[in-house]
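Peer 1: Here is a sequence with its predicted model. Questions after.
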Amino acid sequence: MEILPVRRASRGLNLLPAKKSFQELGATAIAFCRRHSLLLFYCGLALLALLLYHYASHTVTLYVDGEELFTAHSFSRTVEEFLQERGIQLHPRDRVIPERGSLLGRHTRIDVQKAFEVVVVDGNKLSFIMTPVVPVREMLAAEGFELGPFDRIEPAGLEEVYEGAFIKIIRVQKHYVSSRSNVPYEEVVRENPQLDRGLSRVIREGRPGLQEELIEVTTENGVEVKREIVGTLLLDEPQARIVEQGTNTTLEREGRVMEFERVLTVTATAYCPGTPGSGCPLDRNGHAFCTGPYNNGYTYTGKKAVQGLGTLSSPRLVAVDPRVIPLGSLLYIEPIPGIGKIGFARAEDIGGAIKGYRIDLLYDYHRDVAKFGLRRGVKVYILKEK
Ligand SMILES: [Zn+2]
């Protein structure tokens, strides 16, 4: 019996021979690819599609006014496209962060701040404006409100707009005007011990100066609210008025040195007692011309109405206005041109016409009264009595 050697069917069964060259392995792979080329093509295509999907799709989370609405996958490139793709209608003034044109990333958060209405009053013009939360100045700039350097926004300190805000723009303008005005002069008083107390002398008259003032006028919404002097230019210096005032209170007359309160310059007239012996004419009612019904021969203070000699022991009698010269005062009356020496006198009477800086000098006889007339600029010293 012939024993046949066992034939090895090596093809297809013995895939991993211990010693197989790379060339053989390559040939096997090429053969496999040739046999299954269509399958490989579809596998490649699927892999490519998977990669494309992975890299082209984005995960987007949408927030509206801080609240999360949804998360979605999208192939949109930009925020704008995503919103359109999702059919989200926005007001043009709604604020979108990131901005509408921004490219989407792998994971993108989109925040939408819904616009709301605010009221803007610019001067007298009222506007209703839709805006998201933005700084006030940014909102005004976006709406075309230009603010001048002094313009003010009310409420003051309002940084960001809020829903229903009432924003006022106060238009503040400043302009300048100039005006000329007088500068008042001062009065300088100097003491003069050579001049009697009660007398004064103008040494130099005053003269006002001239100045130009620059005035800043502020208007708010066209109405003037403030006027302020911001600059002064002195065009002409004022000239002070200089007055000398007497301080001397010593009078030396008729060998006597006397002290006086003050000296007055008065208007003097004369009168008589109106008694039958005085020769005073009578009026229609039978009253004396000088004293009317008061012709009893006594003064208002009860002194006998006699002319007197003008000496210290026998002074002349005068009627005065007691508001200017107190009744009972001892006076020294300087000589009157055309009349002569008067001398010492006492204020003992009053008279209806003797008001203010007036004195009425008593004469015994009416003929002297007629001669006396009216004398201005009579100097009267009110003496101090020890
Ligand atoms: Zn008379």
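Peer 2: Received the coordinates, thanks. Residues are numbered from 1 along each chain as shown.
Peer 1: Now stretch 85-100: buried residues?
Peer 2: Neighbour counts over stretch 85-100 (16 or more other CB atoms under 10 Å) mark Arg93, Asp94, Arg95, Val96, Arg100 as buried. C-betas here are computed from N, CA, C, even on glycine.
Peer 1: any idea whether the fourth one is helix, strand or coil?
Peer 2: Which is Val96. The assignment at Val96 comes out as strand when based on DSSP: H, G, I helix; E, B strand; the rest coil.
Peer 1: For it, which non-adjacent residue is spatially closest?
Peer 2: Excluding the flanking residues, the one nearest Val96 by CB to CB, 6 or more residues apart in numbering is Val112, at 5.6 Å.
Peer 1: for the helix or strand hosting the one you found, packing partners?
Peer 2: In this assignment (DSSP states H and E), Val112 forms part of strand 107-113. On a contact count with 3 or more CB pairs under 8 Å, 6 or more residues apart in numbering; DSSP states H and E, strand 107-113 meets strand 58-64, helix 79-85, strand 95-97.
Peer 1: Quick one: the ones you listed as JSON lines, columns for mean pLDDT and distance to Ala288 too.
Peer 2: Converted to JSON lines, the helices and strands packed on strand 107-113 look like this (pLDDT from 0 to 100; distance: least, CB to CB, whole Å):
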{"stretch": "strand 58-64", "mean pLDDT": "91", "distance to Ala288": "115"}
{"stretch": "helix 79-85", "mean pLDDT": "91", "distance to Ala288": "121"}
{"stretch": "strand 95-97", "mean pLDDT": "90", "distance to Ala288": "109"}
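Peer 1: Make TSV from the ones you listed and add distance to Val257 to it.
Peer 2: Output for the helices and strands packed on strand 107-113, formatted as TSV (distance: least, CB to CB, whole Å):
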stretch	distance to Val257
strand 58-64	110
helix 79-85	114
strand 95-97	103
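Peer 1: Arg190: which of these is closest?
Peer 2: In terms of CB to CB, the element of these nearest to Arg190 is strand 95-97, at 80.5 Å.
Peer 1: ok, the closest one: who's next to it in the sheet?
Peer 2: With DSSP bridges as the test, strand 95-97 is paired with strand 107-113 (antiparallel).
Peer 1: so how far is the helix or strand just after the strand it pairs with from its chain's centroid?
Peer 2: Using DSSP H and E, the helix or strand that directly follows strand 107-113 along the chain is strand 116-122. Centroid separation between strand 116-122 and its chain, computed with CA atoms, centre = their mean, to the nearest Å, is 30 Å.
Peer 1: Next: stretch 138-158.
Peer 2: Centre to centre, stretch against its chain (CA atoms, centre = their mean), the figure for stretch 138-158 is 23 Å.
Peer 1: Would you indicate which residues of that stretch are buried?
Peer 2: Using 16+ other CB under 10 Å as the test for burial, stretch 138-158 gives Met139, Leu140, Phe145, Asp151, Ile153, Leu158.
Peer 1: you'd agree the fifth one is up against Val136?
Peer 2: Spelled out, that is Ile153. Yes. At 6.0 Å, Ile153 counts as touching Val136 under the criterion of CB atoms under 8 Å.
Peer 1: Up against the ion, what does this protein have?
Peer 2: Cys272, Cys280, Cys290, His366, Val369 (CB under 5 Å from the ion).
Peer 1: now do 6 Å
Peer 2: Proximity of the chain to the ion, by CB under 6 Å from the ion, involves residues Tyr271, Cys272, Gly274, Ser278, Cys280, Phe289, Cys290, His366, Val369.
Peer 1: Quick check: mean pLDDT of stretch 348-365?
Peer 2: In this model, stretch 348-365 has a mean pLDDT of 96.
Peer 1: Same check on stretch 242-249?
Peer 2: Mean predicted lDDT for stretch 242-249 stands at 96.
Peer 1: For the spatially most central residue of the chain, list the residues it contacts.
Peer 2: Nearest to the geometric centre of the chain sits Lys226, at 5.5 Å (CA atoms, centre = their mean). Neighbour list for Lys226: Glu216, Val217, Thr218 [criterion: CB atoms under 8 Å, 6 or more residues apart in numbering].
Peer 1: quick check, Val225 in a strand?
Peer 2: Yes. Val225 forms part of a strand when assessed by three-state DSSP.
Peer 1: Just the terminal-to-terminal distance for stretch 313-322.
Peer 2: Start-to-end span of stretch 313-322 (CA to CA, to the nearest Å) is 23 Å.
Peer 1: cool, stretch 63-77 as well?
Peer 2: 19 Å.
Peer 1: in it, what counts as buried?
Peer 2: Using 16+ other CB under 10 Å as the test for burial, stretch 63-77 gives Ser74, Ser76.
Peer 1: Might you calculate how far it sits from the centre of the chain?
Peer 2: 55 Å.
Peer 1: List of residues touching it?
Peer 2: With CB under 8 Å, 6+ apart as the contact definition, stretch 63-77 has outside contacts at 56-62, 82, 84-86, 103-104, 109-114.
Peer 1: Specify the beta-bridge partners of the spatially closest residue to Arg86 that is not a sequence neighbour.
Peer 2: Computed as CB to CB, 6+ apart, the closest residue to Arg86 that is not its neighbour in sequence is Ala72, at 7.0 Å. Beta-bridge partners for Ala72, by DSSP bridges, are Val60.
Peer 1: The closest residue to the ion within the stretch 101-250 of the chain: neighbour count?
Peer 2: The stretch 101-250 of the chain approaches the ion most closely through Gly198 (30.9 Å), counting by CB to the ion. Gly198: 19 surrounding residues under other CB atoms under 10 Å.
Peer 1: Any of the residues of the chain next to the ion buried? List them.
Peer 2: Using 16+ other CB under 10 Å, the buried members of the residues of the chain next to the ion are Tyr271, Cys272, Gly274, Ser278, Cys280, Phe289, Cys290, His366, Val369.
Peer 1: Helices of the stretch 101-250 of the chain, start to end?
Peer 2: Assigned by DSSP state H, counting those that start in this stretch, the helices in the stretch 101-250 of the chain fall at 136-142.
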